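1. Please work out how this folds:
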Amino acid sequence: MLTRWMALFLAAAACALGAGATPAQIEFFEKKIRPVLAEQCYACHSAQTMALGELRVDSREAIRKGGTRGSAVTPGSPEASVLLKAISYADLDLKMPPTGKLSEQQIADFRLWIEMGAPDPREDKAAQSQGAPSGYDFDKEREFWSFRPVEKPALPKVSKADWVATPVDAFLLARLEQEGMAPASEADKRTLIRRVTFDLVGLPPTPQEIEAFVADESPDAWQKLVERLLASPHYGERWARHWLDLVRFGETNGHEFDNDKLDAWRYRDYVVRAFNEDTPYNRFVAEQIAGDLLPDPRMTADGTRLDSPIGAGFYWLWEVLNSPTDSEKARADQVDNQIDVLGKTFFGMALGCARCHDHKFDPLPTADYYALAGVMHSTNLHEQCIDAPRVAERLRAMRAEAEANERARALPGVSGADLLSEAFADYRAYAAAEPSHPLYPLAKLAEKSDEPFAKRLAAMRAEMREWAAKASPDNPLWAERGDEVWEDFSKGYGKWDVEGAAFGDAPAEGVAQSDPGEQDEFVGILTTKKFVIPAPHVHVRMGGTTGERGNSTATRRFTLWADDHPSQNESPESERLVWVSIPLVKEKGRVGYLQITDRSRQGHIAVDRIVFSQSKEPPPIAGPVDRSVLALLDDSNVDSLEALAEAYARLAAQSGDRALVAALVEPKLAAPEKLSEEVPPSAFAMSSMDHEPHDVRIHQRGNHKNLGEVAPRQFLTIVAGEDQKPFRKGSGRLELAEWAASEENPLTARVMANRVWQHHFGAGIVRSPDNFGHTGDRPTHPELLDWLASRFVESGWSVKDLHRQILYSNAYRMQSRGTDAKAEADPENKLLSHMPVRRLEAEAIRDSLLAVAGTLSLEVGGESVPPHISAYQDGRGKPQSGPLDGNGRRSLYIQARRNFLTPLFLAFDYPQPFATIGRRGVSAVPSQALMLLNNELVHHQATRWAQREMEVYRTAGERLNDMFVRAFGRAPLPEERRDIQAFLAEQAKLYEGASSEDERVWADLAHVLFNSTEFLFVR
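-> Sure thing, here's the model as predicted:
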């Protein structure tokens, strides 16, 4: 967990202890340090208390001043800090807090905080605002640049007007001329195609694409290239990856067991489609926040799936804490993550800093934070069927056909001899194990025995009466055991939401089952509303089959969710219903819900009773006993096994209870007719759903046990105003989406325009893309940012139009070579007098390895490929390893396992998916060179590349030309040819009997090219 914050320590190491803290360091304090101090220390060591030991820890000045033992915190020196000794219990005479030691993670957080210089924004005030937003002058705050309405500025006048190709050029050139600088000349065409191809699709251009562009001398050659790349299906893959950094996309839960997140890959593919289709960004934002609630959901291009609900799965891409000791705090932490990601991703605001107190720098009162928290607390994770309406209607019709086929099956006649025949032997054995089965008495009495039949029949009568009495919930036995029959489906699906076609509109004879007419192809999910888990055990009577083609029951399951943590139980492989007992000792008293799922298409699941109990043993009750069977046993004419069998046969012939008769004669039932057409597959995705909408109370100082005033659900006061109406539509997500995607919101368009700019120029106009507040960077070109944001909205929120405004400019086409004079005048190149040189991201590096080697699959979408796990990766929850090359798929499709991220990715600054990362770090460390030198995949691709070159080209010169064009987009220089020829000859000496034409020698050359700076960077 600490690796997320190591960058903060490194940043602090370069600063003097008295220097101002960075926004990231302040965020670390607000999230990791202040809440612990408030909850564990303020009661005895604050301005509102006696300040035991004359120590206060409620302000920066006080904690550094210390008490009778001296300074509590020595910035930069954990070992000299009394506070760390106290919370570590390192001093037998000083153990704080006295009620119990902090967790090891909390202690580690304090150590890291002190190491980074103990950044602390708190002023020495006795109280912090905990209620209404009265501490801000909102009218004055709205004068801050990011809170002003977006207005389209006029284009500035420039001297070198012929350089202006788009308005972007005018704004940049005006600043350059103001500083007495000039823009760089245009880069050559080979550089440009490599630059824009990586920017838009994340892959190197092919030799054919390069030569075609170089040869195209038409005046619109550049525009045609840009349009071709924007139309590529790989554009969406590239830009989806940028988005996934923002929403902390991971396909596993992380923490201890790193369990898989169901269908997380569908969210990734949804984002790819949205970018490829140029879905209006305001619509895309609305889908993230409330895609399940929109009245006009978008569908996939083929019209078979709903797309919009998938967007609302972004809330649940978080890390999941296993078995939290304080479930309320764990839920509060989850909501904090949701709010933090929401704020940074869409608004560039660190909303999470208002969890414990009014934001110190930005107009974000605590009441606003808990207004949004109410929205999150009113929202549930939901596994939603995303079939389009026409597909769903077709499935309902086919299920009705299956049910009709079942009803139409002729019930065959049966004799007493049939019931006792060998043909019924297996069926009798099945019935003999189930006291509630109508054939149970006959099956048991048909078993071999030396006892007289009359005695056994009398015993059976008594047994069945006892079972009948036990089956009644009025029986005292239920109360003695503390059992509550929570569901027996006698009232249909009243407690359940139904997704998909499998379970129909109602249970079948008191059983929720997913195989109408023995048709296993239907899939579906039953989900309850949330409720408080009433007992430490739950017993579920269920059964099912894998099916002839099935190989796993994992998609047929009963799941109990507690505080959004699943406890999944596969259905037993049993045609008859059996008790499955699930311990809930930790879950008792928590808020949870139940799911019954069948997504197999190759089997089915059936559930008829759910019992919460104080006992870990299942109820000694199978189910109700049919009254017709009880009457049959009391018939005075039944004096032998044969007579009993004949009585059963008469019952089967005369009863009007079709379900009873079918149960008696099942072995002789004909197979149901096949459906008239094949059942189409259904699809499911993580989404959201409203749940008991309610406002929450402010957690004073972030403590969920110290509650203040109720915070009505609403949007940010700084944007929506002090007189806004509270949210009243369900959870409030729909209204939140309306505000987030509104043209009146000054943040949304600015933030996204800045993100697009950043990914083309290496840095945003605002260099803190996730922080548009007072502690963030100011825009280098504020008028340009507002022009882009205005144009963005005018274009219908088209991201592709935003690309065009940037890419068609001469500024984007500048060469990347600066001058000494420019470096002195503008060392960070903030004025963009030339194009910055940028290193490829981790995924682009890996994808380039495969692309130039000719092993890359260009397949778009689909389930993720398990990551390759090296011998050096170990830990709890270690998964089975995937293929070394990921089956040739792009890095986007390698499963993002939180605890087992690909080492090659981590070496090149792949972000750990725990929080919003709007701008990746770009480090230069020895481990990167070592990774490229030693990584198994790099060696493998070098060999494959060499093999391909040897197969396609006969001469060394041809091979060398092709390799350089593939790797760098250009031909080798004469001096490079000479050096490489010498290298090949030298390498051949290392292999016995080898020449410069040896495949191994060329693999070594490929490896060298992979390790070159030019391969890793874009000019």
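
2. What residues sit buried inside whichever strand or helix holds Val938?
-> Using DSSP states H and E, Val938 maps to helix 936-952. For helix 936-952, the neighbour count (16 or more other Cβ atoms under 10 Å) marks 937-949 as buried. To be clear about C-beta, it is placed using only N, CA and C from the backbone, and glycine gets the same treatment.

3. Stretch 428-439 too?
-> Buried residues in stretch 428-439 (16+ other Cβ under 10 Å): 428, 430-432, 434-439.

4. Pull the residues that contact that stretch.
-> 419, 427, 440, 442-444, 446-447, 463-464, 467, 471, 575-577, 622-626, 628-629, 648, 660, 663-664 (Cβ atoms under 8 Å, 6 or more residues apart in numbering).

5. Could I get the contacting residues of the spatially closest residue to Leu840 that is not a sequence neighbour?
-> The spatially closest residue to Leu840, leaving aside those adjacent along the chain, is Leu1016, at 5.7 Å (Cβ to Cβ, 6 or more residues apart in numbering). Neighbouring residues of Leu1016 by Cβ under 8 Å, 6+ apart: 839-840, 845.

6. ok, back up a step: okay, and which of the contacts of stretch 428-439 map to strands?
-> Those of the contacts of stretch 428-439 mapping onto strands are 575-577, per DSSP state E.

7. Buried among those residues? Make that a ChimeraX selection.
-> Buried members of the ones in strands among the contacts of stretch 428-439, defined by 16+ other Cβ under 10 Å, are picked up in ChimeraX with:
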select :577
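
8. ok, of the contacts of Leu1016, which come out buried?
-> Buried members of those, counted by 16+ other Cβ under 10 Å: 839-840, 845.

9. would JSON lines of the residues you listed with secondary structure and pLDDT be doable?
-> Shown next, in JSON lines, are those (DSSP: H, G, I helix; E, B strand; the rest coil; pLDDT from 0 to 100):
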{"residue": "Arg839", "secondary structure": "strand", "pLDDT": "98"}
{"residue": "Leu840", "secondary structure": "coil", "pLDDT": "98"}
{"residue": "Ile845", "secondary structure": "helix", "pLDDT": "98"}
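
10. I'd say Arg305 and Gln384 touch.
-> No - the criterion here is Cβ atoms under 8 Å, and Arg305 misses it with Gln384 at 11.1 Å.

11. Show me which of the two is the more surrounded one.
-> A count of neighbours by other Cβ atoms under 10 Å puts Gln384 above the other of Arg305 and Gln384, at 26 against 23.

12. and the strand or helix carrying Val196, what does it pack onto?
-> Counting by DSSP H and E, the element that carries Val196 is helix 189-201. In terms of contacts (3 or more Cβ pairs under 8 Å, 6 or more residues apart in numbering; DSSP states H and E), helix 189-201 is packed against helix 207-215, helix 221-230, helix 233-246, helix 799-807, strand 1017-1018.

13. what's the closest of the buried residues of stretch 428-439 to Met376?
-> Ser436 (44.2 Å; Cβ to Cβ).

14. got the residue ranges for the strands in the stretch 201-350 of the chain?
-> With DSSP state E, counting those that start in this stretch, there are no strands along the stretch 201-350 of the chain.

15. For Tyr89, report the pLDDT, please.
-> Listed pLDDT for Tyr89 reads 88.

16. what about the closest residue to Ala711 other than its chain neighbours, distance to His691?
-> For Ala711, ignoring the flanking residues on the chain, the nearest one in space by Cβ to Cβ, 6+ apart is Tyr370 at 3.7 Å. From Tyr370 across to His691, the span is 18 Å (Cβ to Cβ, to the nearest Å).

17. With neighbour numbers in mind, choose between these two.
-> Tyr370 (27 against 18).

18. On the three-state scheme, Arg728 is what?
-> The three-state label given to Arg728 by DSSP: H, G, I helix; E, B strand; the rest coil is coil.

19. Quick check: it vs Ile339, distance?
-> Distance, Arg728 to Ile339, by Cβ to Cβ: 20 Å.

20. And those two? Which one has more around it.
-> Each of Arg728 and Ile339 has its neighbours counted (other Cβ under 10 Å); Ile339 has more, 22 against 10.

21. Quick check: pLDDT value at the most centrally placed residue in the chain.
-> Centre of the chain computed as the mean C-alpha position; nearest residue by Cα atoms, centre = their mean is Leu317, 2.3 Å away. With respect to pLDDT, Leu317 scores 96.

22. Which phi and psi values does it adopt?
-> phi -80, psi 10 (degrees, to the nearest 10).

23. about what we covered before: got the contact list for the strand or helix carrying the residue nearest to Ala711?
-> Using DSSP H and E, Tyr370 maps to helix 366-377. By Cβ under 8 Å, 6+ apart, the surrounding residues in contact with helix 366-377 are 129-133, 315, 331-332, 335, 338-339, 342, 351-352, 354-358, 694-699, 709, 711-717, 726-727, 731-733, 736.

24. Ok, stretch 854-861 next?
-> Against stretch 854-861 from outside (Cβ under 8 Å, 6+ apart): 203, 233-234, 236-237, 269, 272-273, 847, 850, 885, 887-890, 941, 944-945, 948.

25. For the buried residues of helix 936-952, work out which two are farthest apart.
-> Using Cβ to Cβ, those span at most 18.6 Å, a distance reached by Leu937 and Glu949.
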